[in-house]
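Asks: compute the structure for the input listed below.
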Amino acid sequence: MLNEEKKWYEKAGKESDVVISTRVRLARNLADMPFPNRMTPDQKAAVERRVRDAILSGNSAIASDFDFVQMDDLSNEQAVSLVERHIVSPEFIANAKGRGFLISKDERISIMVNEEDHVRIQVLHEGLALSEAAEMADRIDTLLNESLRFAFDSELGYLTQCPTNLGTGMRASVMLHLPALTENGAMSRISTNLSKLGLVIRGTYGEGSNVIGAMYQLSNQITLGLSEKRGCGKLAEHYDAAHFRRAQNACFAQQEHQCARQSRPLRRRAEKRTAAFLR
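Replies: Numbers count the residues shown, from 1 in each chain. Here you go, the predicted structure:
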C-alpha cells in the first residue's frame with residue numbers, strides 16, 4: 001500500500017472550509033451466494049477470490065490502479081489506521097476472518113469484501129464533489145457487475161443484508177467540520193430539521209459513532225424507491241455550504257461578542273490598578 005502517489009486527502013477541494021470530504025458507498029451482493037452472515041468460510045473465500053479477480057484480472061481496465069489486502073495480514077494498529085483514514089469501516093476490522101479489500105493507489109477508491117454485504121464500493125473525494133464521486137462509484141459498480149452478477153429484484157432493487165439499504169444500496173455523504181455550531185449546541189436542532197428532509201447526521205465514523213473534533217457525516221436516509229442519481233440529488237438539493245458557513249460565522253461573532261463583554265470588567269479593573277500604581 002506504500003507508494004509515492006499523492007493521496008486524495010492531501011488535496012483541497014471545493015467548499016473545503018466547511019466540507020472536508022464527499023463519500024459515495026454502494027452495497028452489493030452476489031446473486032448466487034447467501035448473505036455474509038450465512039456463508040461458510042469456503043464461500044467467503046470464493047467471494048473474495050471472485051471480487052479480487054474481477055478487478056485485478058488482466059482484462060480489467062483498472063487492474064494496475066489497485067492492490068488487494070488481506071485483513072489477516074494486518075496488525076491491529078494497521079487495521080485501526082485504515083478506519084481512521086475512512087478506507088474501511090469499524091465493523092470491518094472487528095472480525096478479520098474471510099475479509100479483504102481492494103484499494104486504489106491514491107486511496108480514493110476502496111472495495112470491502114465480506115463486510116455486512118459481499119461488496120461495499122466506496123469512493124472518497126476531497127471537498128464537495130457528489131457528482132464526481134457518484135460517477136466513479138457507478139463505473140466500478142458496472143465493471144464488477146459484468147462478471148459477478150449482483151442480486152437485483154425488479155421491485156426491491158439491489159438486495160442487501162440490511163433492509164434499510166434495499167433499493168439503490170447507496171449512501172452519499174459529506175463530512176462537515178462545524179466547530180462553532182457544536183460549541184453553541186445547535187447541532188441537535190439542525191439534525192432534527194434535516195431528518196424531516198430524509199437526511200441524517202451521524203458521528204465522525206458513521207452510524208453509531210461519536211462526534212470527534214466537531215466532524216459530522218451528513219447523508220441520505222432513503223434508498224428505496226429512487227435512483228442513485230436522485231439520492232445524490234436530494235443530498236445536494238438540501239445541503240447548502242453557504243448556509244452552514246453563515247451559521248458558523250454568526251456563532252463565531254456571537255462568541256467573540258460574549259468574550260468581549262466578559263473581558264470589559266477585567267480590563268477596567270486592570271486599568272484602575274495600573275493607574276493607582278502609577279500614582
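Asks: and the closest residue to Gly98 other than its chain neighbours, how many neighbours?
Replies: Spatial nearest neighbour of Gly98, excluding adjacent residues (CB to CB, 6 or more residues apart in numbering): Lys44 at 3.5 Å. Where C-beta positions appear, they are placed from N, C-alpha and C, glycine not excepted. The number of residues packed near Lys44 is 19, by other CB atoms under 10 Å.
Asks: how near is Lys44 to Glu15?
Replies: Distance from Lys44 to Glu15, counting by CB to CB, to the nearest Å: 40 Å.
Asks: what about the strands in the stretch 1-150 of the chain?
Replies: 19-28, 66-70, 100-104, 109-113, 119-126 (DSSP state E, counting those that start in this stretch).
Asks: quick check: angle from the first one to strand 119-126?
Replies: If you take axes from the mean of the first three to the mean of the last three CA atoms, to 10 degrees, strand 19-28 sits at 160 degrees to strand 119-126.
Asks: quick one: mean pLDDT over strand 19-28.
Replies: Computed over strand 19-28, the mean pLDDT rounds to 94.
Asks: equivalent analysis for stretch 48-64, please.
Replies: 86.
Asks: list the contacts of Ala133.
Replies: By CB atoms under 8 Å, 6 or more residues apart in numbering, the contact list for Ala133 reads Thr22, Arg23, Val24, Val123, Leu124, His125, Ala172.
Asks: now those residues in TSV, with neighbour count?
Replies: Formatted as TSV, the contacts of Ala133 follow (neighbours: other CB atoms under 10 Å):
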residue	neighbour count
Thr22	26
Arg23	21
Val24	28
Val123	26
Leu124	25
His125	24
Ala172	28
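Asks: so where's the stretch 1-150 of the chain uncertain?
Replies: Within the stretch 1-150 of the chain, the segments meeting pLDDT under 70 span 1-4, 58-60.
Asks: which residues in it form helices?
Replies: For the stretch 1-150 of the chain, the helices defined by DSSP state H, counting those that start in this stretch occupy 41-56, 76-84, 90-94, 130-148.
Asks: of those helices, which is nearest Ser219?
Replies: When those are compared by CB to CB, helix 130-148 sits nearest Ser219, at 10.9 Å.
Asks: for the closest one, buried residues please.
Replies: Within helix 130-148, the residues scored as buried using 16 or more other CB atoms under 10 Å are Leu130, Glu132, Ala133, Ala134, Met136, Ala137, Asp138, Ile140, Asp141, Leu143, Leu144, Leu148.
Asks: you'd agree Phe150 is up against Met33?
Replies: No: using CB atoms under 8 Å, Phe150 is not in contact with Met33, being 10.6 Å away.
Asks: hey, what's in contact with both of these two?
Replies: When CB under 8 Å, 6+ apart defines a contact, no residue borders Phe150 and Met33 alike.
Asks: any residues touching the helix or strand encompassing Ser173, and which ones?
Replies: In this assignment (DSSP states H and E), Ser173 forms part of strand 170-177. With contact meaning CB under 8 Å, 6+ apart, strand 170-177 is reached by 18-27, 128, 130, 133-134, 137, 165, 204, 213-220, 223, 228, 231-232, 235, 239, 244.
Asks: that strand - what's its average pLDDT?
Replies: The average pLDDT within strand 170-177 is 91.
Asks: check which residues of whatever helix or strand comes next after that strand are buried.
Replies: Where DSSP H and E defines the elements, the next helix or strand beyond strand 170-177 is helix 179-183. In terms of neighbour count (16+ other CB under 10 Å), helix 179-183 has its buried residues at Ala180, Leu181, Thr182.
Asks: packing partners for helix 179-183?
Replies: With contacts taken as 3 or more CB pairs under 8 Å, 6 or more residues apart in numbering; DSSP states H and E, helix 179-183 sits against helix 241-278.
Asks: and the helix it packs on, average pLDDT?
Replies: Mean pLDDT, helix 241-278: 60.
Asks: stretch 152-160 too?
Replies: Rounded mean pLDDT across stretch 152-160 is 94.
Asks: counting neighbours, what do you get for the residue lying closest to Ala96 once chain neighbours are set aside?
Replies: Closest residue in space to Ala96, ignoring its immediate chain neighbours: Met71 at 3.7 Å, by CB to CB, 6+ apart. For Met71, the neighbour count with other CB under 10 Å is 22.
Asks: quick one on the thing from earlier: direction included, what does the strand holding Ser173 pair up with?
Replies: Under the criterion DSSP bridges, strand 170-177 sits next to strand 19-28 (antiparallel), strand 215-220 (antiparallel) in its sheet.
Asks: I am finished for the moment; much appreciated.
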